[in-house]
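Peer 1: Predicted structure and sequence below. I'll ask about it afterward.
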Amino acid sequence: MTQAFRLAKGGLVDRSQTLEFRFDGAAYNGHGGDTLASALLANGVRMVGRSFKYHRPRGIFSAGSEEPNALVELRRGARQEPNTRATMAELFGGLDARSQNYRGSLKYDLLAVNDLFSPFLSAGFYYKTFMWPKPFWEKLYEPAIRAAAGLGRLSREPDPDVYDKGYLHCDILVIGAGPSGLSAALTAGRAGVRVILADEDFRIGGRLNAETLGVNDMAGSDWADATRAELASMDNVRVMTRTTVFGAYDHGVYGAIERQTDHLPHSSGKPRQVLWRIYTRRAIVCAGATERSIAFPDNDRPGVMLAGGVRAYANRFAVGTGRSVSIFTNNDTGWRTASDLSAKGVPIAAIIDTREISPLAAPRGAAVVMGGRVTGTKGRHCVRSITLAGGQTIECDCLAVSGGWSPNVHLTCHQRGRPQWNEDIAAFTPGGDMPFGMRVAGAANGIYSLQNCLADGRETAVGILDEFGLNPPADDALTADEEAASISAFWHVREGKGRAFVDLQNDVTVKDIRLSHQEGFRSVEHLKRYSTLGMATDQGRTANVLGLAILAQASGKSIPETGTTIFRPPYTPVAIGAIAGRSRGKEFRSVRKTPGHRWAEKNGAKFVESGLWMRAQWFAREGETHWRQSCDREVRQTRASVGICDVTTLGKIDIQGRDAAEFVNRVYSNGFAKLPVGKCRYGLVLREDGLVMDDGTTARLGENHFVMTTTTANAVTVFRHLEFCRQCLWPGLDVHLISVTEQWAQAAIAGPNARKLLEKLVDPDHDISSDAFPFMACGEISVCGGVPTRLFRISFSGELAYEIAVPARYGNSLMAVLMQAGEEFGATPYGVEALNVMRIEKGHATGSELNGQTSARDLGLGRMMSDRKDYIGRVLSQREHLVREDGLKLVGFKPVDTAQELKAGAHFIAKGKEMTTENDEGWMTSVAWSPNLQTSIGLGFIERGDSRIGETVIAADPLREKSIEVEIVSPHFIDPEGERLRG
Amino acid sequence: MAEFDLIAESPLNGLQRAFEGVTVEEVSGRAIVSVAFSDRAGLEQAVRTSLDLTLPFVGNTARVETRDLLILSLQSDQIFVLFPQTGHRPDLEIAEIAGDQGLVTDQSDGWALLRVSGPGSRTALERICMLDLHPDIFTVGAVARTVMEHLGVIIHRDGEQSFLLMSARSSAESFAHAVVTSVENVI
Amino acid sequence: MRYSGLKVFLEGLTGNRGWKPVWRDPDPKQEYDVVIVGGGGHGLSTAYYLAKEFGVRNVAVLDKGWLGSGNIGRNTTIIRSNYLLPGNAHFYELSMKLWEGLEQDFNYNAMVSQRSVINLYHSDSQRDAYARRGNAMRLAGVDADLLDRKQLRRICPFLDFENARFPIQGGLRQKRGGTARHDAVAWGYARGADSRGVDLIQNCEVTGFRISDGVCTGVETTRGLIGAQKVAVCVAGSSSRVMALAGMRLPIESHVLQAFVTEGLKPVIPGVLTYGAGHFYVSQSDKGGLVFGGDLDGYNSYAQRGNLPTVENVCEGGMAMMPVIGRARLLRSWGGVMDMSMDGSPFIDKTGVEGLYFNGGWCYGGFKATPASGYCYAHLIARDEPHPTAAQMRLDRSISGRMLDETGRGPQPNLH
Amino acid sequence: MIINHPLLGPRDASEFTYLGDASLIDRPDPEADDAAKQFHDYVYLRDNPVGEHRELWFHEHGDRSWLVVTRNTLTHEITRVELAKDVAIARGRRR
């Protein structure tokens, strides 16, 4: 198809490059440098979508990121991207886009029927109906509303593209590369400070590309090009196109999105977009201004466009937006659109200005109507004619509207800033309370003349250089063409029939705003929420000020009295994938592996996540088809002979210093001051509120040297807590902490043959006989010919057991060597499942019991709370509710019918009582199948449990519809006297 | 006991990747010993005596070329000393230097070391390192502990275009992946 | 004025000229039986139930800004009653029951939509903890069911079942959980209270309490002194600041919680989903936006905005849970100031000052509690004794140590 | 947010972990007659001011120092950063 609306010459498109693309299935051609919107307009495509609520035909409205109408689904398959602004989508060969939000076809949308019902669909109508009969809301009304609402569709497939993030640092971030941004960047760059210049467009220049004004006797766009080249040549300047600074965060940190491959047919495995965190000393917002419309009847018809957009299409893209264009304006810029278009050979039918006195000369052939108002438009899928107050009809296929310009103050109000009303330009300009280090220059600051924009950019940069104590570079003043920009506020046309739209995307009309006011929604926030004004994907960029003005008129107040309109980040919508960056799928979080991981992998381990760690869950041997077979075997083998378990993941903290003993004694509830060198002790760490924070074994390796172990889950928290105690509570204690979790690979060797196995490795000068190295002994020894080793005779399994730690580099080898040495005993590696079975058999608590809601008394460890010293948590652990006699106690459970299986999470109810909260006596925390006892066993908290041994209660599990009778037993299922571990 | 030998393995198996303008390689064979101290002046004296060196302040490093020894000052009361690993007890070697002025802990096995070097290294690290690595700011010799891709990392600039990175051994593979991905994303 | 489909139809025919203001705009009287400080969701529902259920109609609700400008206007709209502890379970279930009849009760469509809430679990221990919670819910008469991976996959095929760092094993579901249109809840209560004679007074900031001999007799405001038999504070987010005017320190810190919405999309997500391996929860509004959130920013703040690291953290959780949202665009983010209490649970209680009542500490669970909070607070104010379901929500529970700590994170507000 | 560390200079707040009000340094005397009340208030009650707030941050991914940061809770402006150890000593905490 030919580009019938492409102007014969001019523009910044690359005519040598013809790109084929598809829209709604039809093939078209465009040029390099086009956006999808400009290419569609070049091909005469006027209607590009349907509106949100009434499904009215809509066309391209603007030429920038403020576009409310032309939202399309871009690309296909898993890369389908809904709600993409055609005005921002850079054209590439093979681009495939579709219109959205209709049922049937774009031209014949079945939901267009909504438009006929519009009198009944006024603002907030849904709050007043759909209530009867009650079930109909969820079954009928809501699904229908949901199906009709929404805009584009997600592909429902995982996003196949990759994203990345990064950090940048600069002295000055210049946001927007229009005239003021370029001028500011040039000044700052020449002064030698570190500058980042970012612009959302793929072409530097901003309005210089859209208009025809010259700078320094060059065409504006040529000057922008030259400036870009100069900036790019400076080492201290980074120019970033396709980069939207979307948010201003605390202390000069900005968020920006750089679209790296969106303009290419394929991302080729490279990041599609990069999220930059930009750390700045100062930022200059040079984000320009956005044009707004005027509300008049049927002002939403395709072909009704913003005048500045029409001008940009003609100048930058060499596209005529119509064969005959009329202008409706309340300010001078509408007239410049007319003259630019006329100069390009696009006929101007009429200029309708709401003001009385004509400011400029009209192009030849154009009718001029001063004090005029457009009261209606006609045309099925595109405007064909407009009607003026007084009844005059003008034929035209494009109506360019300018209601004035609103500075893009968005970033200035991302923190506390409130824009203030400036009557001279009938717009909000940045108010006080701006983000730290932020300045605003140019049109974003309400300065519209090109010459003044250039000067403002420079002056703002000079001001910052001065704050830095730097001299500005020599002033080679920029000179520019001038154009008039005076405005006389005019908001909406009262004459005429038909709806006058304010927020095009959310279909909010003047009537809706008035109705909201009539119903008492008079604060701006109420108006927004009730009418949905400004809540669409454009955050009301072309609508908010207009809506506010209409609300002000309705309430008979001035605009400043009525309120202001602020913006939340992001400036324009940002893909969630980009904000997540690489952190998705398997790379959501890092993986921690023990040094023995590779050995385990080779030996049949199935791994399980334990926080960030991967731990061997069980080691399947040939012929084992169910995890229980492996687990049972590991438990039996360990208890019968010897088993080996990688316990590297436990937190390990070296505590040294003259006051190390005193320090340890204060953070544990039980006594550690008198722990002899060469001994370990099990300890409880409480929070200051008296509940248990963590537990573990701490060994005294020397007079002033302890090594504390923590649970895997709490390693980081406990270290932080210890540092808090050390630095904030007892800064005078001579004690130092360092984590050695990573330094040591640690394995448990458990079972009657543990010592025999270990003796084979231990170097001869160390005696680990039971006499020399009894239960709870520890020491620094060496194994395998001098490898430094920490040995602890501690037991989690209840067997004769040791934990051996060697430097991590030997960790993988250690597992192999232990197995080799254990071969004669039939040693088995065991995983966390078997570990769990054995600890339940011994009644040891882990995370399910130490869940932050339980006290030492609840755990049956009340005796571990010393009354002879101060320790963290001591005072509050004595509170009434924590020392009550009828509190929870950790006990063991067995099913009365041993064929039945216990379930963790069941609640205990006395037999014969109803299953209610009031009768709830506790819950089952952990369960396991004990291959030794041949029954399911469990641990749990139940009221007064320690005095109810032998009682039977119901373990109620209504959730899984299985409630069974269980017996309360001692939590020490195996070897309650502890003979084995002392063997 | 020669019957059972423990074999040492490096955290990253000697990883080495060369890209256009950037090389990523594991650094192994370095002993790392932390020295905690309560009396800075005391340790300073000890270090000056035995190494002829002034103790660097936090964020700085010092080198003893003759012994291939590098001191990273990371906390106000703690330094790391890096030097060639020769025996089983590098901590004792440093204890000799520190005397009773420092509490030593062997950290040699706790860390994976990567060197990222070449003209593109800063651009690659920009993707994961939140510190400003501009050569005027993070000068040659500077060291800092920070976080990259959720992982704690010690970064030291040991040349105009060369960075030594240290991260926990257990997550070494994730860390190396993060670094390599950063390079791949910018070349 | 009664709202109905017929009324909407008739008004539509006559140019919608007959709609009356939803509430009056009265000047404050000199004295009320009850002055409620705070015109947010809880304040408005308290006024509504005081008037409707307890016959106390000489009531004023004071707000320093516009009605519903607090957290009722800036939350993620989730309603649920999936609580573990006995001191919470019945209260939130009362709230759920009130939600279920709310719209017919106050003749306003708040779009209560019971589309289910599912909490994902990723490990055996997480499953066990959810089983404990699910059973506690069932004992309290609340619906709950435990989904395994297969069942979950049927309902939410778009979750990352294939390539997850923390594989999804299943979920705990409350079918009766869901969402409601947050602003409409405030407006519905406001309209209901106003029509029963309650004065809703906007732009009226309380600057002090009138307390003599341990008795509160009114409030000083930017619109003058207003006397009251009883003063009920209900200003979550500003609780510490306002109660400091009465000389009280609270077990509360103020923290900012960010929330997010995407551009409108055709329906993707059936109900409310919460991720179990990171901080992320999401639902889809009737307009089509994905409404989501995650963790607190983590530092004390009264600024209604947060910072980028939290935004990233939340989106990372989202992408890890359901990578189908990668190309959905975040449209808007905002922050609400939360009353974070020391155990993560709220307060509805008398204070040491006679005639002065306190309701706050809702953490980020205030929206779902709006009906029951108002009902129980009204009960306390009208009868001077706590409603049985809120009997444990006392300010002095930390003295006895009988905490309401659902997560077991202890007395550090930003961890709840 | 950026925290200007007294030893390391400006660092991103995401390297730190937040705890809360710096009054947590002032752990009461467990031997005091009203220790139960003092500990209760210490653990549970907060000023929670609008405006300047002294608070504890831990440089988890840095030098492992606890800092006392003076920050405005309304504007987030940070006006002072000190080592918590120095603050603790200045408040009379020793051993």
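Peer 2: All right, it came through fine. Numbers count the residues shown, from 1 in each chain, chains lettered A, B, ... in the order given.

Peer 1: For residue 61, which residues are in contact?
Peer 2: Picked chain A for this. Counting by C-beta atoms under 8 Å, 6 or more residues apart in numbering or on different chains, residue A:61 makes contact with A:67, A:68, A:69, A:70, A:304, A:305, A:306, A:309, A:504, A:542. Where C-beta positions appear, they are placed from N, C-alpha and C, glycine not excepted.

Peer 1: was after chain B, sorry
Peer 2: B:70, B:71, B:72, B:73, B:141, B:142, B:143, B:156.

Peer 1: Any idea what it is bridged to?
Peer 2: Residue B:61 has these beta-bridge partners by DSSP bridges: residue B:72.

Peer 1: Could you tell me how far it is located from residue C:210?
Peer 2: 65 Å (C-beta to C-beta, to the nearest Å).

Peer 1: swap in residue C:135?
Peer 2: Taken as C-beta to C-beta, the span from residue C:135 to residue C:210 is 49 Å.

Peer 1: Then residue C:364?
Peer 2: Taking C-beta to C-beta, one finds residue C:364 at 33 Å from residue C:210.

Peer 1: Ok, residue A:436 next?
Peer 2: 40 Å.

Peer 1: Equivalent analysis for residue B:9, please.
Peer 2: Distance from residue B:9 to residue C:210, by C-beta to C-beta: 75 Å.

Peer 1: Same question for residue A:380.
Peer 2: Residue A:380 is 68 Å from residue C:210, by C-beta to C-beta.

Peer 1: the more surrounded of the two?
Peer 2: It is residue C:210, of residue A:380 and residue C:210, that has more neighbours when counted by other C-beta atoms under 10 Å in any protein chain shown, with 17 against 11.

Peer 1: Low-confidence ranges, chain B, go.
Peer 2: B:1-2 (pLDDT under 70).

Peer 1: rewinding a little: identify, from the contacts of residue B:61, the entry nearest to residue A:362.
Peer 2: residue B:142 (65.7 Å; C-beta to C-beta).

Peer 1: By proximity to chain C, which residue of chain B wins?
Peer 2: Closest residue of chain B to chain C, C-beta to the nearest C-beta: residue B:150 (9.2 Å).

Peer 1: Give me the phi and psi angles of that residue.
Peer 2: phi 70, psi 0 (degrees, to the nearest 10).

Peer 1: Does it touch residue A:590 like I think?
Peer 2: Yes - counting by C-beta atoms under 8 Å, residue A:590 is a contact partner of residue B:150 at 5.8 Å.

Peer 1: Look at the two and report which has more neighbours.
Peer 2: Neighbours were counted for residue B:150 and for residue A:590 using other C-beta under 10 Å; residue A:590 has more, 21 against 18.

Peer 1: care to break chain A down by domain?
Peer 2: Segmentation of chain A into domains, based on automatic domain parsing, reads A:1-155, A:163-289+A:407-467, A:293-403, A:490-571, A:592-649+A:743-838, A:651-739, A:839-969.

Peer 1: Just want the residue of chain D that's nearest chain B.
Peer 2: For chain D, C-beta to the nearest C-beta, closest residue to chain B: residue D:61, 3.9 Å.

Peer 1: Relative to its centre, which residue of the chain is most distant?
Peer 2: Picking chain A for this. residue A:771 (59.2 Å; C-alpha atoms, centre = their mean).

Peer 1: could you do chain D instead?
Peer 2: residue D:33 (26.5 Å).

Peer 1: I'd like to know the phi and psi angles of that one, please.
Peer 2: phi -60, psi -40.

Peer 1: can you pull the pLDDT of it?
Peer 2: Per-residue confidence (pLDDT) for residue D:33: 97.

Peer 1: what sits against it?
Peer 2: Applying C-beta under 8 Å, 6+ apart, no residues contact residue D:33.

Peer 1: Next, find the distance separating it from residue C:396.
Peer 2: Counting by C-beta to C-beta, the gap from residue D:33 to residue C:396 is 20 Å.

Peer 1: list the contacts for residue A:950?
Peer 2: A:967, A:968, A:969.

Peer 1: Which residue is the nearest non-sequential neighbour of residue 39?
Peer 2: Looking at chain A here, since you left the chain open. residue A:30 (3.0 Å; C-beta to C-beta, 6 or more residues apart in numbering or on different chains).

Peer 1: that answer is for a different chain, and I need it for chain D
Peer 2: residue A:875 (4.2 Å).

Peer 1: Just give me the neighbour total for residue B:36.
Peer 2: The number of residues packed near residue B:36 is 21, by other C-beta under 10 Å.

Peer 1: who does it bridge with?
Peer 2: residue B:78, residue B:103.

Peer 1: what's the distance between it and residue A:736?
Peer 2: In terms of C-beta to C-beta, residue B:36 sits 4 Å off from residue A:736.

Peer 1: Find the residues that touch each one of the two.
Peer 2: What both residue B:36 and residue A:736 touch, as defined by C-beta under 8 Å, 6+ apart, is the set A:656, A:657, B:77, B:78, B:103.

Peer 1: PyMOL command to pick out the buried ones of those residues?
Peer 2: Buried members of these, defined by 16 or more other C-beta atoms under 10 Å in any protein chain shown, are picked up in PyMOL with:
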select buried, (chain A and resi 656+657) or (chain B and resi 77+78+103)
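
Peer 1: check contacts around residue 52.
Peer 2: I went with chain A, as the question did not name one. A:101, A:149, A:151, A:505, A:506, A:507, A:536, C:264.

Peer 1: that answer is for a different chain, and I need it for chain C
Peer 2: Going by C-beta under 8 Å, 6+ apart, residue C:52 touches C:192, C:196.

Peer 1: Please apply the same query to the one 4 residues further on.
Peer 2: Residues in contact with residue C:56 (C-beta under 8 Å, 6+ apart) are C:33, C:34, C:50, C:378, C:381, C:382.

Peer 1: which one of these has the most neighbours?
Peer 2: residue C:50 (30 neighbours).

Peer 1: Please enumerate the strands of chain B.
Peer 2: For chain B, the strands defined by DSSP state E occupy B:16-19, B:22-26, B:30-36, B:61-64, B:69-75, B:78-84, B:103-106, B:111-117, B:143-148, B:151-159, B:162-168.

Peer 1: Of all those strands, which one is nearest residue A:616?
Peer 2: strand B:162-168 (19.7 Å).
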